[in-house]
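**Q** got a structure for you, letters missing:
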């Protein structure tokens with residue numbers, strides 16, 4: 001049986017993203033949302049999944065899905081491939097600039 005990863009771009013609205021098996025641990029993928037925005041979807045090496053906005057707030061480029069996944073102080077993050085700012089995958093907070101955040105989307109499997 002195939003397990004589908006879904007994310008919620010709006011309250012009480014779930015959309016399928018991909019088969020969960022298509023996510024490679026430690027790497028991201030981009031998903032187009034119904035309103036034209038993009039989400040960056042990740043699975044870490046322990047199997048947890050995350051979805052944040054794909055737009056790097058420092059450059060405006062849709063690149064966070066191509067960032068490097070890691071952890072700092074037990075917090076999972078993705079580092080932007082452009083300027084290397086790190087974004088907490090659970091909260092969306094920039095670990096390098098407390099005034100900057102990206103949207104976080106709930107994820108589930110169905």
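**A** Structure's in. What do you need? No experiment lies behind these values; they were computed from the predicted model shown. Numbers count the residues shown, from 1 in each chain.
**Q** For the rest of this, base every contact and every neighbour count on C-alpha atoms.
**A** OK.
**Q** Burial check on the residue nearest to residue 4 when sequence neighbours are not counted, number of neighbours?
**A** Once flanking residues are discounted, residue 4 sits nearest to residue 19: 4.4 Å by CA to CA, 6 or more residues apart in numbering. By other CA atoms under 10 Å, 14 other residues sit near residue 19.
**Q** can you pull the contacts of residue 19?
**A** 2, 3, 4, 5 (CA atoms under 8 Å, 6 or more residues apart in numbering).
**Q** pLDDT at the second one, what is it?
**A** Which is residue 3. In this model, residue 3 is scored at 94, pLDDT.
**Q** can you check residue 45 too?
**A** 88.
**Q** Name the SS class of it, please.
**A** Taking DSSP: H, G, I helix; E, B strand; the rest coil as the rule, one finds residue 45 in the coil state.
**Q** coming back round to it: mind checking which of the contacts of residue 19 land in strands?
**A** Among the contacts of residue 19, DSSP state E puts 4, 5 in strands.
**Q** Quick one: buried ones out of the contacts of residue 19?
**A** Neighbour counting by 16 or more other CA atoms under 10 Å classes 4, 5 among the contacts of residue 19 as buried.
**Q** ok, the contacts of residue 19 vs residue 85, which is closest?
**A** residue 5 (26.6 Å; CA to CA).
**Q** how about stretch 29-48: buried residues?
**A** By neighbour count on 16+ other CA under 10 Å, the buried set for stretch 29-48 is 29, 30, 31, 38, 39, 40, 41, 42, 43, 44.
**Q** Out of those, which sit inside helices?
**A** Of the buried residues of stretch 29-48, none are assigned to helices by DSSP state H.
**Q** can you put these in JSON lines and add distance to residue 71?
**A** Output for these, formatted as JSON lines (distance: CA to CA, whole Å):
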{"residue": "29", "distance to residue 71": "18"}
{"residue": "30", "distance to residue 71": "20"}
{"residue": "31", "distance to residue 71": "23"}
{"residue": "38", "distance to residue 71": "23"}
{"residue": "39", "distance to residue 71": "20"}
{"residue": "40", "distance to residue 71": "17"}
{"residue": "41", "distance to residue 71": "16"}
{"residue": "42", "distance to residue 71": "13"}
{"residue": "43", "distance to residue 71": "13"}
{"residue": "44", "distance to residue 71": "10"}
